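Peer 1: Could you look at this predicted model? Sequence included:
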Amino acid sequence: MSIATYVVMDFWRNLRNLGNSFFVIVLPTVLFLFFGSSMEWSTIRVGDGNISAWTMISIACYGAAMAATSLAGSAAVELQQGWGRQLALTALPHSGFVAAKTIVALCFAVLPVLTLNVTGVFTVTDMPLGTWLATAGLTVVGVLPFALYGLAIGMAFRSDAAVGTATGLLVIFSFLGNAFTPLDGFLLDLGRFTPLYGVVALARYPLTGGDQISMNGIAGNDPLWAVLANVVAWTAVFGAACLMLQRRRTRRQ
Amino acid sequence: MDTQPVLRLEGIRRSFPDGAGGRTAAVDGVDLTVSPGEVVALLGPNGAGKTTLIDIVLGLVAAEDGFVEVLGTTSRRAVTSGRISALLQTGGLLPDLSVRETVKMIASLHRNPRDTDEVLAAAGAAGFASRRVSRCSGGEQQRLRFALALLTRPEVLILDEPTTGMDVNARHDFWRNMSSLADEGATIVFATHYLEEAERFARRTVLMDAGRVLADGPTADIRRRAGAARVTVTWAPSDAELAALDHVLGVERHGARIELRTDDADALARELLTRTGAHGIEVASASLDEAFRYLTAPSDEKEVAA
């Protein structure tokens, strides 16, 4: 038995899926090159770095969340469309499937983070090395609620189209999550309660210590507990949805 | 060890929610023992409980009640060791993989898999190994599933309606493959709703309906009991003439036409055409539905001329 072979082949299968790779790697990189490294304000200092760093982290969060949602969602669809039965006829235990898929999803989520950070290094992005590593690490950790979100959608609707829609919705979450256009006033207050806000704010925490940057300077400060509360709450919501759906599924069997 | 049964099922029960608060029994008290080297058809209409029973044998679904033993051990152990494998019904493949990649991926999860090209050739899938699964015809996908089932050199092969979606040629090739496996000593259990497939490939048939085994025995006996064919002729016989006929299981009159249910259409046709005034003969095979109707009806009704 060689789970490594399975993981590598599954990773390659997802990578050559052009839709996946485009939205997870190409689009975030292009967005960053436009809005994160060539604007007149890109090199203005914020926190321990510059605006380019702020933008890079935001877009990396968006890419990583896309990767996690789409991979977890397609895993749920695969299992329910009969691939799970095929796997159940091998020596692989069910926990093995979960482990293999987690590794693939994690590798996939690391891709946009890695690509954007490397692009950042070669353009105008500036942060101290420690901050840089911390934000990159937090960006990857932040995919957890979105892996659960994708899983829940995949389990509920059992179709690739539904997972595609769920991935598309992340654009709206990203906007409200203050990851694209810097928000201010009412939209910022509203955004604080949306699912991507927490993970983006967490990833940017090492850079600005919770300050939210807008076009007019600092629009507000989020204490660490508030940021964590958002992440924990949404992880719990999506996790509970998965448990509920799983229970519904086993009851039906 | 040779005399140890390959499958031993006793009192298997499994029900599912019926959507209205209650539960429907999918498998309702099934006993089944299969010996090494047997080829057994699990014959029944849709909803008879065949797939659920197969899922229980493979450990994909747990029985609520009863005893399951596969190759002297649990289903899961028999699957893990690769001694039993299965060709599942539609689905179960990833559309964006190629045929060869699918075999490689599944092979990587077995303990001691056969060579990929070897199983592709054995299943007749070598010719389209680099094709995407999504571009394969139903018959080609089925050959791929067959290749997957061969990966572990299984002693027991379970097939769930294996020829669904195949054209006549593919069906023929598929069963030729199966026959050679059976000749090598593999035990094969296949679910089907074609009486004809049971007749051609299985010496033993287990007839299922509504979660129960209605009959279990040599396929030829089952067929005979079910009434193999209907012979229709234009004829106005007396009761004595009718009673003198051999091989008649049931009679129905439709105006000038008379329909005879028989277990030997050839003998009956010969007798009718040579020794009676019957003419305008038509012979039709009994459908599985009819077979079920006769097998489930109380036995005294079967002999009564309607």
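Peer 2: Good, I have the coordinates.
Peer 1: The strand or helix carrying A:Ile172: how far from the chain's middle?
Peer 2: Secondary structure from DSSP states H and E places A:Ile172 in helix A:160-176. Once both centres are worked out by CA atoms, centre = their mean, to the nearest Å, helix A:160-176 turns out to sit 11 Å from its chain's centre.
Peer 1: next one: stretch A:12-32
Peer 2: With CA atoms, centre = their mean as the basis, the distance from the averaged C-alpha position of stretch A:12-32 to the chain average is 13 Å.
Peer 1: related to what we said a few turns ago, buried ones in whatever helix or strand comes next after the helix holding A:Ile172?
Peer 2: As assigned by DSSP H and E, the chain's next helix or strand after helix A:160-176 is helix A:185-191. Neighbour counts using 16 or more other CB atoms under 10 Å in any protein chain shown place A:188, A:191 of helix A:185-191 among the buried residues. For the C-beta atoms, the positions are set from N, CA and C on the backbone; glycine is no exception.
Peer 1: other SSEs contacting whichever helix or strand comes after helix A:185-191?
Peer 2: Moving toward the C-terminus from helix A:185-191, the next helix or strand (DSSP H and E) is helix A:195-208. Using 3 or more CB pairs under 8 Å, 6 or more residues apart in numbering or on different chains; DSSP states H and E as the contact criterion, the secondary-structure elements in contact with helix A:195-208 are helix A:51-78, helix A:129-141, helix A:144-157, helix A:160-176, helix A:224-252.
Peer 1: The helix holding A:Ile172 packs against which elements?
Peer 2: Applying 3+ CB pairs under 8 Å, 6+ apart, one finds that helix A:160-176 makes contact with helix A:51-78, helix A:144-157, helix A:185-191, helix A:195-208.
Peer 1: Tell me which of these sits most buried.
Peer 2: Of all the helices and strands packed on helix A:160-176, helix A:51-78 has the most neighbours on average by mean count of other CB atoms under 10 Å in any protein chain shown, namely a mean of 28.
Peer 1: How about residues contacting the helix or strand just after that one?
Peer 2: On the C-terminal side of helix A:51-78, the closest following helix or strand by DSSP H and E is helix A:84-88. Contact partners of helix A:84-88, identified using CB atoms under 8 Å, 6 or more residues apart in numbering or on different chains, comprise A:78, A:94, A:97, B:58-60, B:79, B:88, B:91-93, B:106, B:109, B:148.
Peer 1: Which parts of the stretch 201-306 of chain B are strands?
Peer 2: B:204-209, B:212-218, B:229-234, B:248-254, B:257-262, B:279-285 (DSSP state E, counting those that start in this stretch).
Peer 1: and the last one, which strands flank it?
Peer 2: This means strand B:279-285. For strand B:279-285, the paired strands and their directions (DSSP bridges) read strand B:229-234 (antiparallel).
Peer 1: And for the first one?
Peer 2: When pairs are called by DSSP bridges, strand B:204-209 turns out to pair with strand B:39-43 (parallel), strand B:212-218 (antiparallel).
Peer 1: rank those by mean pLDDT and give me the bottom one.
Peer 2: Mean pLDDT values for these show the minimum at strand B:212-218, a mean of 91.
Peer 1: how distant is that one from the center of its chain?
Peer 2: If you compare the mean C-alpha spot of strand B:212-218 with that of the full chain, they lie 12 Å apart, counting by CA atoms, centre = their mean.
Peer 1: That strand: which residues count as buried?
Peer 2: When neighbours are counted by 16+ other CB under 10 Å, the buried residues of strand B:212-218 are found to be B:212-216.
Peer 1: give me the number of residues near B:Ser130?
Peer 2: Other residues within reach of B:Ser130, judged by other CB atoms under 10 Å in any protein chain shown, total 9.
Peer 1: For B:Val231, grab the count of nearby residues.
Peer 2: Using other CB under 10 Å, B:Val231 has 24 other residues around it.
Peer 1: that older thread, between the helix holding A:Ile172 and helix A:195-208, how many degrees?
Peer 2: Relative orientation of helix A:160-176 with respect to helix A:195-208: 50 degrees, computed using axes from the mean of the first three to the mean of the last three CA atoms, to 10 degrees.
Peer 1: Give me the nearest residue to residue 14, chain neighbours excluded.
Peer 2: Chain wasn't specified; assuming chain A. In space, not counting the residues next to it along the chain, A:Asn14 is nearest to A:Asn20; the distance is 5.6 Å by CB to CB, 6 or more residues apart in numbering or on different chains.
Peer 1: actually chain B
Peer 2: Computed as CB to CB, 6+ apart, the closest residue to B:Arg14 that is not its neighbour in sequence is B:Val27, at 4.5 Å.
Peer 1: on contacts alone, who are the packing partners of the helix or strand in which the one you found is found?
Peer 2: Using DSSP H and E, the secondary-structure element containing B:Val27 is strand B:23-34. Contact partners of strand B:23-34 among helices and strands, from 3+ CB pairs under 8 Å, 6+ apart: strand B:7-17, helix B:50-58, strand B:212-218.
Peer 1: quick check, nearest of the buried residues of strand B:212-218 to chain A?
Peer 2: Proximity to chain A was ranked across the buried residues of strand B:212-218 by CB to the nearest CB; first place goes to B:Arg212, at 20.8 Å.
Peer 1: For the closest residue to that closest one other than its chain neighbours, list the residues it contacts.
Peer 2: In this structure, B:Arg212 finds its nearest non-sequential neighbour in B:Asp28, 5.3 Å apart by CB to CB, 6+ apart. The neighbours of B:Asp28, taking CB under 8 Å, 6+ apart as the test, are B:13, B:15, B:49, B:210-212.
Peer 1: And the residues you listed, which is closest to chain A?
Peer 2: Comparing the contacts of B:Asp28 against chain A with CB to the nearest CB picks out B:Ser15 as the nearest, at 10.6 Å.
Peer 1: so what's the residue lying closest to that closest one once chain neighbours are set aside up against?
Peer 2: Sequence neighbours aside, B:Arg23 is the residue nearest to B:Ser15 in space, at 4.1 Å (criterion: CB to CB, 6+ apart). Under the criterion of CB under 8 Å, 6+ apart, the contact partners of B:Arg23 comprise B:15-17.
Peer 1: how far away is B:Arg23 from B:Leu214?
Peer 2: Going from B:Arg23 to B:Leu214 by CB to CB, to the nearest Å gives 22 Å.
Peer 1: returning to that earlier point: kindly reformat the helices and strands packed on helix A:195-208 as CSV containing mean pLDDT.
Peer 2: Converted to CSV, those look like this (pLDDT from 0 to 100):
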stretch, mean pLDDT
helix A:51-78, 93
helix A:129-141, 95
helix A:144-157, 92
helix A:160-176, 91
helix A:224-252, 89
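Peer 1: In CSV: the ones you listed, plus distance to B:Arg135.
Peer 2: As requested, the helices and strands packed on helix A:195-208 are arranged in CSV below (distance: least, CB to CB, whole Å):
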stretch, distance to B:Arg135
helix A:51-78, 19
helix A:129-141, 36
helix A:144-157, 24
helix A:160-176, 17
helix A:224-252, 31
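Peer 1: I am finished for the moment; much appreciated.
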